[in-house]
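J.: Just a sequence and a predicted model for now, questions to come.
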Amino acid sequence: MRRMICACFLSVILIGGQAVGAGRPNVLFIAVDDLNDWISALGGHPQSRTPNIDKLVARGMLFTDAHCAAPLCNASRASLLTGIRPSTSGVYQNNQPWRDSPVLKDAVTLPQHFMQNGYAALGSGKIYHGAYPDPPSWQEYWPSQKTNKPADPKPDHINQNGLKRAHFDWAPLDVEDSAMGDHQVVDWVGDVLKTRKFDKPFFLGCGLYRPHLPWYVPRPYFEAHPLGQVKLPVVIDDDLADVPAMGRKFAKPQGDHAIVVKHDQWAAGVQGYLASISFTDAQVGRLMEAFDASGHADDTIIVLWSDHGWHLGEKEHWRKFTLWERSTRVVFAIVAPGVTKPGSRCDQPVNLLDIYPTLIDLCGLAARSELEGVSLRPLLENPQADWNRPSVTTFGQNNHAARDKRWRYIRYADGSEELYDHDTDPNEWTNLADQSKYDSVKRRLASSLPTINAAPSTNERKKKRKSNKE
């Protein structure tokens, strides 16, 4: 009898395999800027401490081999939120207003699609690239539809590290956590979760800015990673020796890395990044406390994602802007009550492009034919399901990387190539592309690369301003 009662209860809360209460599930959509795989759950750095992120991803499924569609903020976020590849839209760089693309001009974004299907869409913080917010995507945004994130405090002067490279800087701040923009974003989102009374399901965005540069966070987070104990990434000398000219051009070894080494700032830079991750982890913890107190846990899907990876000296490079693992691998997890098993992990290669179709699948919304990702529901239900889709990343016109469970294949616009065997070379130190015995591997992965390579979308706003001045 008891088993029958349980079965009846489950039939009430499960519709189409998902927990939805009396209707469609809510969505809590959490973005973290510039976070690579340095979370404890992914083992990216032995000194990274992310207990709150680890607890969040343990609620559902962590995708351990997830990658961005583009290794930089604007193109990654525009592709994720429209479901359309950079190579289709022509939005490749940070200085391209994505709505100026003819392909994306009238695109229905992920939150817009949810609004069209009866959801309330609201949020705070960095979801879109900061320069190009999208008011049509939201019914409500804090601080405003035009200013999506609060300002952060700064030290008395910039150039704290002595490198004189604009916001490529790091230093502790003698302020309380509450002075930080991300803390205020979590305050607002947490208040919405705990106090708002919704008459419809909600799509709620929470965009966290750190660990984006500059790495200015409160002093205790730096002190948690003593400078003298910081471990540097494992690298080898002459790592770029077997990399084609295009790859070396992207790496710019005589830029950030050369000056970091010259000024003995490598450990301090790693400390700043680790400190910023720890700060962000604390904000995730606060967000989840508010979420758990809200009563929405059983009828809300949580998506946690970072927009791209980050180099900290690997391949003589800092920041993103490459087609190597360091730039493309992201943090990505989905908690879908009734679908995902707590503590589950999936090691199939997936892409942030897959978020849009996955969410509309899980929430029972109409499919959209223009989306270029696929629903991950089969993997959410069974992480061992058959999956033969390499994850593709694009950086600039006709430069692509394809990643499957074992290999990374890179082909640049000039036809030069790289190939790395992650079974034996997880750091991508040995380029195998010139060895003929791997030609079949290259051909197979090359078949997954985009066949459309749109010309870069122009900045129509800039052109209009210039025309008005003439």
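T.: Now that the structure is in, tell me what you want to look at.

J.: where do the helices sit along the stretch 51-200 of the chain?
T.: Ranges of helices in the stretch 51-200 of the chain, per DSSP state H, counting those that start in this stretch, are 51-57, 73-82, 86-89, 110-116, 181-195.

J.: Could you dump those into a markdown table and include distance to residue 337, mean pLDDT and mean neighbour count?
T.: Quick note: C-beta positions are derived from backbone N, CA and C, even for glycine. Formatted as a markdown table, the helices of the stretch 51-200 of the chain follow (distance: least, CB to CB, whole Å; pLDDT from 0 to 100; neighbours: other CB atoms under 10 Å):
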| stretch | distance to residue 337 | mean pLDDT | mean neighbour count |
| --- | --- | --- | --- |
| helix 51-57 | 14 | 98 | 21 |
| helix 73-82 | 23 | 98 | 27 |
| helix 86-89 | 33 | 98 | 26 |
| helix 110-116 | 18 | 98 | 22 |
| helix 181-195 | 16 | 98 | 20 |
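
J.: Which one of these lies nearest to residue 164?
T.: The closest of these to residue 164 is helix 73-82. By CB to CB, the value is 23.1 Å.

J.: which other residues reach that closest one?
T.: For helix 73-82, contacts defined as CB atoms under 8 Å, 6 or more residues apart in numbering pick out 31, 33-34, 68-70, 85-86, 89, 91-96, 98, 104, 107-111, 127-132, 134, 137, 305, 307-308, 352-353, 355-356, 394.

J.: Pull out the buried members of the residues you listed.
T.: Among those, those buried by neighbour count (16 or more other CB atoms under 10 Å) are 31, 33-34, 68-70, 85-86, 89, 91-94, 96, 98, 104, 107-111, 127-130, 132, 134, 137, 305, 307-308, 352-353, 355-356, 394.

J.: Take the residues you listed and keep only those in strands.
T.: Within these, residues falling in strands by DSSP state E are 31, 305, 394.

J.: Please tabulate those residues in CSV and include pLDDT and distance to residue 345 as additional columns.
T.: Listed next are those as CSV, based on pLDDT from 0 to 100; distance: CB to CB, whole Å:
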residue, pLDDT, distance to residue 345
31, 98, 21
305, 99, 16
394, 98, 27
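
J.: any idea which of those residues is closest to residue 207?
T.: residue 31 (4.6 Å).

J.: now the closest one: how far from residue 306?
T.: 7 Å (CB to CB, to the nearest Å).

J.: What residues sit buried inside stretch 378-397?
T.: 379-380, 383, 387, 390-397.

J.: Out of those, which two are the most distant from each other?
T.: Largest separation among the buried residues of stretch 378-397 by CB to CB: 383 and 397, giving 34.7 Å.

J.: just checking, what's the longest helix in this structure?
T.: With secondary structure taken from DSSP state H, the chain has its longest helix at helix 266-294.

J.: Now do that helix: distance to the chain's middle.
T.: 15 Å (CA atoms, centre = their mean, to the nearest Å).

J.: Quick one: the strands in the stretch 351-470 of the chain, in order.
T.: All strands of the stretch 351-470 of the chain, identified by DSSP state E, counting those that start in this stretch, fall at 391-394, 400-403, 407-411, 417-421.
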